[in-house]
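> What follows is a predicted structure for the sequence shown.
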Amino acid sequence: MTLKKILIANRGEIAIRIARAASDLNIGTVSIYSNDDFSSLHVQATDETFALSGNGVSAYLDIDKVIRIAKESDADSIHPGYGFLAENPEFAKRCRKEGIIFIGPSVEMLELFGDKGRARLAAKNSKVPTPSGLEGPVTIESAKEFFSTLPEGSGMMLKAIAGGGGKGTRAINNLSEIERLFKRCQSEARRSFGNGDLYAEQLIENARHIEVQIIGDHFGNVTHLWERECSIQRRYQKLVEIAPAPFITESLRDEIIESAVKLANSVGYSNLGTFEFLTYKSNQAEYDSFVFIEGNPRLQVEHTVTEEVTGVDIVQSQIRLADGATLSEIGLDVNNPPKVRGYAIQNRINCETISNSGQIKPSTGKITRYSAPRGPGIRTDSFVYSGYETTTAFDSLIAKLICHSNSSNFLDAVDRSKQALGEFDIDGVETNLEFHLKLMSHPEFISGNINTRFLDHNLSELIPKESPCRRDVATNQLQ
């Protein structure tokens, strides 16, 4: 390894994850923190730590300060994690200018996949299926014109060109909704990404969300680490991820992966990325068709489930590839991806309350008890502890529970998840633990009858009921 010290331009559980990967490679680590984030455990997980002057998200988005700290600490590389500056091409350009290695895809890939319209066009040029749509920035008028060309009964998606995480995204089913929702998407996109441009594509109803983990080196070699099922979403934000996808046919799996690798090769992709697809029924019998919707040029929140079923340390792989290693040098064969072992499920544990009407609100307070489950096949990535005070300044995610079973029976992984969720003990703040317990026990989820609208259609059955003791509810769920 030529890398000596990595500055981790992130916070929370992912900063800890990166620090551990770097430590295993005998690379020094530097963390950063905003004024209101000093109590996060990531501050203690690195060899050095530096304060960002400022509060909240904006502190972590200050490129000048991050670069200055990297130079002051003699860091020769920066890992951006996910979110914040991870997909910002200007940040990657600045790193390159300052002689700092950016651990991630190239500036060119960040620019390409950061523009969802350009990414759609790249997929089309690679003969990868895409939904009917308009690549460039649309106006209210052009969106209305496109909507009018869709088959009767079809809907339209408006999406932020520079977007992600469901922000600046709306489904439209009536022509009369376009102007109002266009303005809302535009405002949300501008506020979240500094870019209010939108694109439009046909809405695919009852779709499943399947994504492929792509990995490549700087010598033109690209392979994959199989796929993930991410259909359990709320407002286009993922809550549960599964690897591999348990509910698709082998032929469809092969076609999707082949398309992802073909697209990655055609654009010269390197380092880590995720290509996302929607699958749907063209014959009303089974999911047999798919379209590409976007690429994410970064480490994903859900990389964990892929690590569990393949045995590949994805974060270490990222670091080594950025350091100039080839795929073969990190143990990956372009023509023979690692075999999958069983199934893994990730549940995102959020600090939040869910009202009887389904309204979600962040929950704040001091965590008075935090006891994560342990045992074979159980992993928890977190940054909180007993005494930690939560805040609405950042995302509500406080832990990721990842459960893995080597069994070829998906239900064995589900059972392990239910057991672990029941043992997860968090007091002092409201969380969605019971929501996840109910979800893991839902017959439609267990049978695989899910799609991206599953939570919309079943939320009333998943909302936790008042109970004097959360542990009692968990025990009942497991019986």
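Cool, the structure landed. Numbering: from 1, shown residues only.

> alpha carbons only for contacts and neighbour counts from here, please
Noted.

> wait, is residue 225 part of a strand?
Yes - under DSSP: H, G, I helix; E, B strand; the rest coil, residue 225 falls within a strand.

> That one contacts residue 243, doesn't it?
No - counting by Cα atoms under 8 Å, residue 243 is not a contact partner of residue 225; they are 10.0 Å apart.

> Name the residues contacting each of the two.
residue 306 (Cα atoms under 8 Å, 6 or more residues apart in numbering).

> Domains in the protein, by residue range?
5-103, 132-202, 208-330, 343-478 (automatic domain parsing).

> picking up where we left off before, of residue 225 and residue 243, give the one with the bigger neighbour count.
residue 243 (30 against 22; other Cα atoms under 10 Å).

> how many other residues sit next to the closest residue to residue 319 other than its chain neighbours?
Of all residues not flanking residue 319 in the chain, residue 103 sits nearest, at 6.1 Å (Cα to Cα, 6 or more residues apart in numbering). Per other Cα under 10 Å, the neighbour tally for residue 103 reads 27.

> which residues touch residue 103?
77-80, 318-319, 322.

> now, among those residues, which is nearest to residue 141?
Closest to residue 141 out of these is residue 80 (38.1 Å), distances taken as Cα to Cα.

> Model confidence score at the closest one, please.
Looking at residue 80, its pLDDT reads 98.

> Look up how far residue 149 lies from it.
41 Å (Cα to Cα, to the nearest Å).

> The two: which has the busier surroundings?
residue 80 (26 against 9).

> mind listing what residue 360 touches?
352-354.

> Dump these into CSV; add secondary structure, neighbour count and distance to residue 233 as well.
CSV is the format used below for these (DSSP: H, G, I helix; E, B strand; the rest coil; neighbours: other Cα atoms under 10 Å; distance: Cα to Cα, whole Å):
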residue, secondary structure, neighbour count, distance to residue 233
352, strand, 18, 16
353, strand, 19, 17
354, strand, 20, 15
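
> Lowest-confidence entry in those residues?
For the contacts of residue 360, the least confident entry is residue 354, with 89.

> Residue 361 is in contact with that residue, correct?
Yes - the pair formed by residue 354 and residue 361 meets the contact definition of Cα under 8 Å, at 6.7 Å.

> What is the burial count for residue 288?
Neighbour tally, residue 288, other Cα under 10 Å: 17.

> So, low pLDDT: which residues of the stretch 201-350 of the chain?
The model of the stretch 201-350 of the chain has no residue with pLDDT under 70.

> Kindly recompute the last result at 80.
283-285 (pLDDT under 80).

> now the strands: where do they sit in it?
Remark: strands assigned in the stretch 201-350 of the chain by DSSP state E, counting those that start in this stretch are 208-216, 222-234, 237-243, 271-280, 289-296, 343-350.

> likewise the stretch 1-150 of the chain?
Counting by DSSP E, counting those that start in this stretch, the strands of the stretch 1-150 of the chain are 5-8, 28-33, 48-51, 77-79, 101-102, 133-134.

> Out of those strands, which is closest to residue 458?
It is, among the strands of the stretch 1-150 of the chain and with distance given as Cα to Cα, strand 133-134, at 29.6 Å.

> And the contacts of that closest one?
By Cα under 8 Å, 6+ apart, strand 133-134 touches 117, 146, 199-202.

> now swap in stretch 190-202 and tell me
116-117, 131-138, 143, 146, 150, 154-163, 167, 185-189.

> Quick check on these: which are buried?
Neighbour counting by 16 or more other Cα atoms under 10 Å classes 116-117, 131, 133-138, 143, 146, 150, 154-163, 167, 185-189 among these as buried.

> Output the longest helix belonging to the chain.
Longest helix of the chain, by residue count under DSSP state H: helix 250-267.

> would TSV of the contacts of strand 133-134 with distance to residue 427 be doable?
Output for the contacts of strand 133-134, formatted as TSV (distance: Cα to Cα, whole Å):
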residue	distance to residue 427
117	44
146	50
199	43
200	43
201	43
202	44
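
> Spell out, range by range, the strands that occur in the stretch 351-479 of the chain.
352-354, 360-362, 369-371, 378-382, 397-405, 425-427.
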